[in-house]
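Asks: return atomic coordinates for the entry below.
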Amino acid sequence: MSDPARSFGSVAGAYDRGRPGYPSEAVAWLVGNRPAAVLELGAGTGKLTETLVALGHDVHATDPDDGMLAVLRERLPDVLTSVCGAEEVPAPDGSFDVVVVGQAFHWFDHDQALPEIARVLRSGGHLALIWNQRDERIPWVKRLGAIIGAQDQQRSEGPLVESPYFGDVEQETFRHWQIIDRDSVQDLTLSRSNVAVLDEEQRRAKVAEVLAFYDDYGRGMDGMQLPYVASCFRAEAIARPQSDAVPQAAPHAAPHAVLEPDEDPEMPGEPTDPDVLLIDFR
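Replies: Next comes the predicted model:
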C-alpha cells in the first residue's frame, strides 16, 4: 500500500475542491496582524496560503508533493514555492518570522523537523500549527466521519510541547463552517489519505456509500453546513541548532516574487458553546 503521507498529489484537484479553508481570525492569531516573513510547510494546494497572503504576509510555500504545489502556483502565481519536506528546508538560518503548518505537522519526522524549523526562524520567531477538525459531537457529522475516516481528526502538538527548541505552547480554538453539497462531499471523501490509497473499485464503493448517506441526510441543492473547530497552537523558538551547511533547492516563483484514530475523536477541551446547536438535522 502507498504511503498515505505522499498520497495527496494524485487527488490534488479533489483536495482543493473538497477541503475546508481556514478562518481569517484563526490565521491572524497564529501569525499576528503585522506583515511577516512566513514559511509554510506542507502547504498543499494553498488553502492556508491564500489566507496568509490575503492578510498581507510574505509567504514561501513548501510541500514534498509537486502535484499539490502545482495547484497552489496556479491560484497564487506570485508566491514563492519549493518542493521539500519539513526536515530539510532550502533557506538560510534566521530567514523567517513565523513558520506555519496547516493540517500536516503529524506527517513530519519531528526529531529532524523541529530543530530545522528552529534553525530558519529569526530571534523571537515562532512556530504555528493549525488543524481543522469536524465537530463530531453532532450526530450526523459523527456518522459522516465514521464513513470517510477520522485520520484528519487527529492532531499531534505533543512533539512541540516537548521540544527543547521551543518555549511554552499557547492554544486557541475557532469555530467555522464549510458548505458542502452532493459534488463537494465526493471531493471531500476522495481527498482523505485513507481513501486516496485505495484501488479504483474501492474508491468508487466509498464514494457511493457517502452519496447514499448524503441523499438520506442532505439538503439537495441547498447543501449542508459542515461544522469545524480550528485547533491552533503557537510557540516561540528559544534555541537554534548549529548548522554547518544550508540545504539548497530550486524554488519556483514568478520573477517578481520575494523571498487519522478513534471512532469518537477528542475535541478541544472547552465548554460547549450555548449558541451551537448540537442536534441532528432530523
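Asks: where in the stretch 51-200 of the chain is pLDDT low?
Replies: 151-153 (pLDDT under 70).
Asks: where do the helices of it begin and end?
Replies: Using DSSP state H, counting those that start in this stretch, the helices of the stretch 51-200 of the chain run over 66-75, 110-120, 139-148, 158-162, 184-190, 193-196, 200-217.
Asks: determine the set of other helices and strands touching the second one.
Replies: What that stands for is helix 110-120. Using 3 or more C-beta pairs under 8 Å, 6 or more residues apart in numbering; DSSP states H and E, the elements in contact with helix 110-120 are strand 37-41, strand 96-102, helix 158-162. Every C-beta, even on glycine, is put in place using the N, C-alpha and C of the backbone.
Asks: for that helix, buried residues please.
Replies: Residues of helix 110-120 classed as buried: 110, 113, 114, 115, 116, 117, 118, 119, 120 (neighbour count, 16 or more other C-beta atoms under 10 Å).
Asks: closest one to residue 89 among the helices of the stretch 51-200 of the chain?
Replies: In terms of C-beta to C-beta, the element of these nearest to residue 89 is helix 110-120, at 5.3 Å.
Asks: how far does that closest one sit from the chain's center?
Replies: Distance of helix 110-120 from the chain centroid (C-alpha atoms, centre = their mean, to the nearest Å) equals 18 Å.
Asks: likewise stretch 21-33?
Replies: 13 Å.
Asks: so what touches that stretch?
Replies: For stretch 21-33, contacts defined as C-beta atoms under 8 Å, 6 or more residues apart in numbering pick out 38, 47-48, 50-52, 54-55, 57, 98, 100, 102, 128-130, 132, 172, 174, 176, 178, 230, 232, 234.
Asks: just the buried ones from those residues?
Replies: By neighbour count, with 16+ other C-beta under 10 Å, the contacts of stretch 21-33 hold 38, 47-48, 50-52, 55, 57, 98, 100, 102, 128-130, 132, 172, 174, 176, 178, 230, 232, 234 as buried.
Asks: appreciated, that's everything.
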